[in-house]
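Participant: following is a predicted model, sequence given first.
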Amino acid sequence: MQKEGNQAKPYQVRPGAGGSVIVVAHQSSAKTFTIHVQRRAKVGDLYEPIKRSFLMKRLVTTATLLILLFFTSLSLAQTSANLAQLRLEMETLREVIQYHNKRYYVDNNPVISDGEYDRLVQRLKTLEKEHPEWITPDSPTQRVGAVASGEFRTVAHTVPMLSLAKARNEEDMRNFDKRLKDLLCSHGEIEYVFEPKIDGIAIEVVYENGILTGGSTRGDGVIGEDVTGNVKTIRAIPLKLMKQEQGVFPARLEVRGEVYMDKKAFAALNEKRGYNGEELFANPRNAAAGAMRQKDPGVTAQRCLNAFFYGSGTVEGLQFVTHCEKLGYFKRVGLRVNPLNRICHGMDEVIEQFQDLKNRRGLLPYEIDGVVVKVNHLRRQEALGNTTEAPRWAIAYKFPPKQATTTVKDIQIQVGRTGALTPVAVLEPVEIGDVRVSRVGLHNHGEIARKDIRIGDTVLVERAGDVIPDIVKVIPSRRAGTEQPFVFPQQCPMCGSPVVHQDGGAVYRCGNPLCPAKQMAGFEHFVSRQGMNIRGVGPKLMLQLVQAGLLQDMSDFYGLTRKQLASLEGMGDKSAQNILRAIEQSRRPTLERFLYALGIRHVGEQAAHKLASHFGSLENLEMASEGDLNVIPDIGPETARSVYDYFRDPDHLVILRKLFDKGVRIVVPK
């Protein structure tokens, strides 16, 4: 077999001697075989001389029948042999194409031209078209084989996909390092893995016995959306893992990674959209997220997505000692791992690598917004454990975000569902990282006082994590003397009720349980996607319902009629039917969705999941004591007290009873 450097030539089909065909596979598959193709003798050629003799007419008849039977059997045998050779050729083609996919996408070192690769794929497509019964799900031709979907079904992650704690400066990173040493009772340097943080969309891909069987988005970390059809269109994600010389595939391997769009593909996509008069994407991350949520995988396939893998969920049948060992296994089986990953011995090396990567950030072909730093040894990861929201053994070290200066035009107060009064700065609109920013949350009264923010001030604004706008500081040298300090209101701006400031906390609240602003925020939370998921019911419609006296508490959603909805301004009969259908579909929530939708103070998605998993039913949760709640991992004393108080408030119990009387039933998920 001829070689190119250290690599054998790819799969070839060439003429052989005596009318044969020689198939040469890549050296890695060790498959070389010859297909013999011979001319089949015609039956008439064999018995024509005999047939000329009249005396042997009967013998000819008998011989003819025997010869026909013989050659029919021979023809069937030859056909069977040919089919076997074709099937072997198809299997060899799949292995060779899989090998070259790894060379191109994972090793970044192709050994054949694009034209040769295309010819291999075309030959396989031709054979599969002739023999569709031999097509396998892991065939490279099946990347865009799924039909368009009406909606995405949900998928539960067997191990939650937690978010990461954030560090914004060197001090945060050194505090992180010190905290881990204290928890581990260790004074030696910790071995970390340093990974570029790709600015894309998090996914989980599932392989069963080496075959890709599922793909899902992160979602809320516990429940994601099934995007298997779209995942299969990404060439960097193998449909079948590469075989290893020793060992077998894990029975189940859940791999976590980031799907992204590189800078060139993003520029080309926006250029095309601009030419067609379509709205441009703000950044590659938004473009990648939009591509993964396409109902038609064929559209996703056109977006030129890529992927890197960095972690795992459930792994059955394999054990690793370090995180780097796990990443090495990923690479060997064909899963793409970032070549910029590094092992760092101690925090000094982490900070040094961070500064180096920050300087080279603009030269990378893809966007990164920081790095992820993880404890390398898995036993130490297990000892450190997780909080409700994030692992203790990992942190995201973010690059300094883009910043801009602008003017504070006003400071307004928003009232949330718990009655919290949140100040919001109204800014002179400014562009930060291709996003127009005009409003920034100021958190609380203490934040305003600490930063000395006044109406009319010139301020430095950044997008924290390249997403959430934040006022970094005031620029006092730009003050003209006309700036006005903000006076926090003593009455709720929505209902005029006195503002409550309990226990010296940072948050001021409206003390009126019937405050319309609290009610509206509570309704929006109740119908949200993470809650009861009542589609089509937005703030405008809810305001109309409240003004019409049709919505006084959350149970009233389940008493609405088509006639009532159709009578509202801008609401037709068809729209009313759609909303009633969405309300009907929301009557069977899971316990964790229901708990989240109730809007219990301190109970977000993660806490709702913990409570539902621990108690199993609403009845058990209602009867739980404060002590029962406090022993649940990651449920703090404030959350425990809030949950305990909620189920002992007569007003809340009345609303719960009304919900159940109107047909709401909590179901156990399959």
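Facilitator: Okay, I see it. Residues are numbered from 1 along each chain as shown.
Participant: show me what contacts the residue nearest the centre of the chain?
Facilitator: Per CA atoms, centre = their mean, the C-alpha nearest to the average position across the chain is that of Thr217, at 2.6 Å. Thr217 makes contact with Ile201, Ala202, Ile203, Gly224, Glu225, Val227, Met292, Arg293 under the criterion CB atoms under 8 Å, 6 or more residues apart in numbering. Placement of C-beta: from N, CA and C, glycine included.
Participant: for those, which one is nearest Tyr329?
Facilitator: Each of those was checked against Tyr329 using CB to CB; the closest is Ile203, at 18.8 Å.
Participant: what about the closest one, how many neighbours?
Facilitator: Around Ile203 there are 25 other residues, counting by other CB atoms under 10 Å.
Participant: wasn't it part of a helix?
Facilitator: No: if the criterion is DSSP: H, G, I helix; E, B strand; the rest coil, then Ile203 is strand and not within a helix.
Participant: quick one: it and Ser216, what's the gap?
Facilitator: With distances taken as CB to CB, to the nearest Å, Ile203 is found 7 Å from Ser216.
Participant: any common contacting residues for these two?
Facilitator: Both Ile203 and Ser216 are contacted by Val227, under the criterion CB under 8 Å, 6+ apart.
Participant: hmm, back to that, so what's the residue nearest to the centre of the chain bridging to?
Facilitator: Here Thr217 sits in beta bridges with Ile203, as judged by DSSP bridges.
Participant: quick one: contacts for Leu93?
Facilitator: When contacts are counted by CB under 8 Å, 6+ apart, Leu93 is found next to Tyr11, Leu120, Arg123, Leu124, Leu127.
Participant: before we move on, the earlier item: want to throw the contacts of Thr217 into JSON lines with distance to Lys518 and pLDDT?
Facilitator: Formatted as JSON lines, the entries for those read as follows, by distance: CB to CB, whole Å; pLDDT from 0 to 100:
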{"residue": "Ile201", "distance to Lys518": "34", "pLDDT": "92"}
{"residue": "Ala202", "distance to Lys518": "34", "pLDDT": "93"}
{"residue": "Ile203", "distance to Lys518": "37", "pLDDT": "94"}
{"residue": "Gly224", "distance to Lys518": "32", "pLDDT": "89"}
{"residue": "Glu225", "distance to Lys518": "32", "pLDDT": "90"}
{"residue": "Val227", "distance to Lys518": "37", "pLDDT": "92"}
{"residue": "Met292", "distance to Lys518": "36", "pLDDT": "88"}
{"residue": "Arg293", "distance to Lys518": "33", "pLDDT": "83"}
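Participant: could you work out the most separated pair of those?
Facilitator: Largest separation among these by CB to CB: Ala202 and Arg293, giving 13.3 Å.
Participant: and the two? Which one has more around it.
Facilitator: For Ala202 against Arg293, the residue with the higher neighbour count under other CB under 10 Å is Ala202, and the figures read 19 against 14.
Participant: distance of the more buried one from Phe249?
Facilitator: Summarising the geometry, the distance separating Ala202 from Phe249, computed by CB to CB, is 24 Å.
Participant: what do you get for Ala291?
Facilitator: As judged by CB to CB, Ala291 and Phe249 stand 29 Å apart.
Participant: Gly616 too?
Facilitator: Between Gly616 and Phe249 the distance is 35 Å, computed by CB to CB.
Participant: who's more crowded, the two?
Facilitator: Shown here are Gly616 and Phe249; by other CB under 10 Å, Phe249 has more neighbours (20 against 12).
Participant: mind listing what the more buried one touches?
Facilitator: If a contact means CB under 8 Å, 6+ apart, then Phe249 has Tyr207, Asn209, Gly210, Leu241, Gly317, Val333 as its contacts.
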